[in-house]
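Q: Build me a structure from this.
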Amino acid sequence: MPDDNFDLNLFLPYLLNQAAEASSLAFQQIYKDRYGMLRTEWRVLFHLGVYGQMTASEIGLRANMHKTKISRAVQKLTERRFVTRARDEGDRRLEHLTLTDFGHRAYDDLHRVAQRYDAMLTEGLTEVERDMLRGVLQKLAATRPRDFT
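A: Coordinates of the predicted model:
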């Protein structure tokens, strides 16, 4: 029997997912077409571009991504010469990841596109609405699920 009291289109997790998918598709096509990257690879590239040298664990914490996905992305980015790896002298288990010159050029290119794309996505919003939207999304992103049943 249908539930007339539940509107799936107003269920926040569903709505957020729909908005994320719709807003990321065009940008996703750009990094895929220009550089052959998948979403996880793009995210690793951008973390290194924004924060500089990092370990995979540091990226995982900042990006909230599983270490296996990061490991695969780093492998692909290294094979395609976007990223270099250097073993930590004090702890051989750690690798420091850094963008290569090619990686920096790709990051710079995609960073410019991302800025234009972000502006285009929010052009119909007032400055107050843009700030509010970003603030609310940051709060939601920082919220950790807890037992609610």
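Q: all contacts plus neighbour counts: C-alpha atoms, from now on.
A: OK.
Q: Tell me the spacing between the most centrally placed residue in the chain and Asp131.
A: Taking CA atoms, centre = their mean as the criterion, Arg43 is the residue nearest the geometric centre of the chain, at 4.1 Å. In this view, Arg43 and Asp131 are 23 Å apart by CA to CA, to the nearest Å.
Q: Check Ser71 too.
A: On the measure of CA to CA, Ser71 and Asp131 end up 34 Å apart.
Q: Compare these two and say which one has the larger neighbour count.
A: Applying other CA atoms under 10 Å to Ser71 and Asp131 shows that Ser71 carries more neighbours, namely 17 against 12.
Q: List the contacts of the helix or strand where the more buried one lies.
A: Per DSSP states H and E, Ser71 falls inside helix 67-79. Contacts to helix 67-79, defined as CA atoms under 8 Å, 6 or more residues apart in numbering, come from residues Thr40, Glu41, Val44, Ala56, Ser57, Ile59, Gly60, Val83, Thr84, Arg85.
Q: Look at the closest residue to His47 other than its chain neighbours and tell me its secondary structure.
A: Setting aside the residues directly before and after it, His47 is nearest to Ile59 in space (CA to CA, 6 or more residues apart in numbering), at 6.7 Å. Here Ile59 is recorded as helix under DSSP: H, G, I helix; E, B strand; the rest coil.
Q: re the thing from before, with the contacts of helix 67-79 in mind, which one is nearest to Ala106?
A: Nearest to Ala106 among the contacts of helix 67-79 is Val83, at 10.9 Å by CA to CA.
Q: just to revisit the earlier point, and for the residue nearest to the centre of the chain, nearest residue in space, chain neighbours not counted?
A: Ala63 (7.6 Å).
Q: One more: Leu45?
A: Tyr107 (6.7 Å).
Q: Look up the pLDDT of that neighbour for me, please.
A: The per-residue pLDDT reported for Tyr107 equals 98.
Q: which helix is the longest one in this structure?
A: For the chain, the longest helix by residue count, based on DSSP state H, is helix 12-35.
Q: ok, then the element right after that helix?
A: helix 39-51.
Q: if we can go back for a sec, what is the burial count for the residue nearest to Arg43?
A: Neighbours of Ala63 (other CA under 10 Å): 14.
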